[in-house]
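S.K.: Quick one, structure for this:
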Amino acid sequence: MILAVSTIAAIVPAIFYVAIIYTVDRYEKEPLWLLAATFFWGAVPAIITALIFNGLFGLPFYLVLGSGAGDAAVATFVAPLVEESAKGAALLVIFFFWRNQIDSLLDGIIYGAMVGMGFAMIENIFYFVNVYNEGGVEAFQTTFVLRVIVFGFNHSLFSGMTGLGIAWARLNKNSSFRYLAPVAGWAAGVFLHFVHNGLASLGESLGGLACIPLLGNAWGGAIVTLIIVVWSLRQEKAWLQHYLAEDVRSGVLTMRQYEVATSGRKRIGHHLEMLSEKGLDGFWASIRFYDRLSKLAYLKHHDEWYHDKRTYAEMVKVRKQLEGYRQRLL
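M.R.: Model prediction:
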């Protein structure tokens, strides 16, 4: 019974948070299959890897310190390194094999947040079952509030830092920086994780004094990430306005299409309009049409920097897709 309740208590909030993460990306949604795969990595392979290596690397601490102090030491010094590496592996795979899906800093944050949310969901199930067995309903309720509501985005924040570093590497011309950025992002995630776990481990001795720095670490990091997200969205909008203006001048796009493409609010209105006029086919065609317009603008920006054949070929492919969706909208 407690396993079923714990599973529901972990899955339902995770679905809600995943919806928020997905909605943040206003101009070009990441492929659902890749987001799902990233979430799955956090929920299964990363969790299994963390269980194995936390136990393996934590063994010396338990042998020297015993169970109580050993738990605190492993949570503080071992878990951040192991867990951020296990989650970050998925982001490295995306960088090496699907880097064309990373068009902005926001994309890196989104992929990082997804793998972190998958990890947090499964980890919460373990925590809920354990605290209920040890402290009953009251302990379960307290843990739910802390892990799901107060610190619900923590794992997404930590791995979002790695994703940010990988996106920065993808979008930077400097070859040295491209190697350093993923390491710096991972290190930032590990540090935030280390501070959180360390303060949480000291919580029993510090009492309420640990609450303020714990909240400062979690919500301070979240606010900084939110600022980066807002800045990235403004940057994406600027790219759309600049690069799609060329297509308006050449007659490929109408002014109305340009206005809709460069406004998240107008996009939603247009999608609903197409749903009303042309049904689901028009609705999905509208979503894909403006999604591909965003992709075209990002590719133009990338081509302006690198002038590589792969980007040019992708631009040709996207223009063909746009024509197909345009016909469905007419």
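
S.K.: wouldn't Pro80 be in contact with Val190 here?
M.R.: Yes: at 4.7 Å, Pro80 and Val190 qualify as touching, with contact defined as C-beta atoms under 8 Å. Any C-beta I mention is one placed from the backbone N, CA and C, and that applies to glycine too.

S.K.: any shared contact partners between the two?
M.R.: Phe158 (C-beta atoms under 8 Å, 6 or more residues apart in numbering).

S.K.: Could you count how many residues lie near the nearest residue to Leu215 once chain neighbours are set aside?
M.R.: Excluding its sequence neighbours, the residue lying closest to Leu215 (C-beta to C-beta, 6 or more residues apart in numbering) is Val150, at 7.5 Å. Number of residues near Val150 (other C-beta atoms under 10 Å) recorded here: 14.

S.K.: State the pLDDT value of Val150.
M.R.: What the model reports as pLDDT for Val150 is 85.

S.K.: any idea how far it is from Asn124?
M.R.: 13 Å (C-beta to C-beta, to the nearest Å).

S.K.: just Val318 next, same as before
M.R.: 39 Å.

S.K.: quick one, which of those two is more surrounded?
M.R.: The residue with more neighbours, out of Val318 and Asn124, is Asn124; 23 against 20, by other C-beta under 10 Å.

S.K.: so what's that one closest to, chain neighbours aside?
M.R.: Per C-beta to C-beta, 6+ apart, closest to Asn124 is Ala10, 4.0 Å.

S.K.: can you tell me the helix or strand for that neighbour?
M.R.: helix 2-24 (DSSP states H and E).

S.K.: Please point out which parts of that helix sit buried.
M.R.: Ser6, Thr7, Ala9, Ala10, Pro13, Ala14, Tyr17, Val18, Ile21, Val24 (16 or more other C-beta atoms under 10 Å).

S.K.: Against Ile228, how distant is the first one?
M.R.: What that stands for is Ser6. Ser6 is 33 Å from Ile228, by C-beta to C-beta.

S.K.: same deal with the last one?
M.R.: Taking C-beta to C-beta as the measure, Val24 falls 11 Å from Ile228.

S.K.: which residues are common contacts for these two?
M.R.: Contacts common to Val24 and Ile228, judged by C-beta under 8 Å, 6+ apart, are Leu106.

S.K.: mind putting the buried residues of helix 2-24 in TSV, distance to Phe128 and pLDDT included?
M.R.: Formatted as TSV, the buried residues of helix 2-24 follow (distance: C-beta to C-beta, whole Å; pLDDT from 0 to 100):
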residue	distance to Phe128	pLDDT
Ser6	4	90
Thr7	8	91
Ala9	6	91
Ala10	7	93
Pro13	11	92
Ala14	13	94
Tyr17	16	92
Val18	19	93
Ile21	22	90
Val24	27	88
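
S.K.: can you name the two of these that are farthest apart?
M.R.: With C-beta to C-beta as the measure, no two of the buried residues of helix 2-24 lie farther apart than Ser6 and Val24, at 28.0 Å.

S.K.: Asn133 is in contact with Ser6, correct?
M.R.: No: using C-beta under 8 Å as the test, Ser6 is too far from Asn133 to be in contact (10.4 Å).

S.K.: ok, back up a step: I'd like the buried residues of helix 2-24 written out as TSV, with distance to Pro182 added.
M.R.: As requested, the buried residues of helix 2-24 are exported to TSV (distance: C-beta to C-beta, whole Å):
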residue	distance to Pro182
Ser6	34
Thr7	34
Ala9	34
Ala10	29
Pro13	29
Ala14	26
Tyr17	24
Val18	24
Ile21	21
Val24	22
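
S.K.: from those, which is closest to Phe97?
M.R.: Distances from Phe97 to the buried residues of helix 2-24, taken by C-beta to C-beta, are shortest for Ile21, at 21.7 Å.

S.K.: three-state assignment of the closest residue to that closest one other than its chain neighbours?
M.R.: Leaving aside its sequence neighbours, Ile21 sits nearest to Ala113 (C-beta to C-beta, 6+ apart; 4.8 Å). With DSSP: H, G, I helix; E, B strand; the rest coil as the basis, the three-state label of Ala113 is helix.

S.K.: Which pLDDT does the model give Ala113?
M.R.: The model's pLDDT for Ala113 equals 94.

S.K.: And for the one 3 residues further on?
M.R.: Among the per-residue scores, Gly116 shows a pLDDT of 96.

S.K.: My guess is it contacts Met161. True?
M.R.: No: using C-beta under 8 Å, Gly116 is not in contact with Met161, being 9.7 Å away.

S.K.: For Trp98, grab phi and psi.
M.R.: Main-chain torsions, Trp98, degrees, to the nearest 10: phi -130, psi 40.

S.K.: mind listing what it touches?
M.R.: Leu34.

S.K.: Could you check how far it is from Ala9?
M.R.: Applying C-beta to C-beta to Trp98 and Ala9 gives a distance of 33 Å.

S.K.: quick one, helices of the stretch 1-150 of the chain?
M.R.: 2-24, 32-43, 45-73, 79-97, 105-144 (DSSP state H, counting those that start in this stretch).
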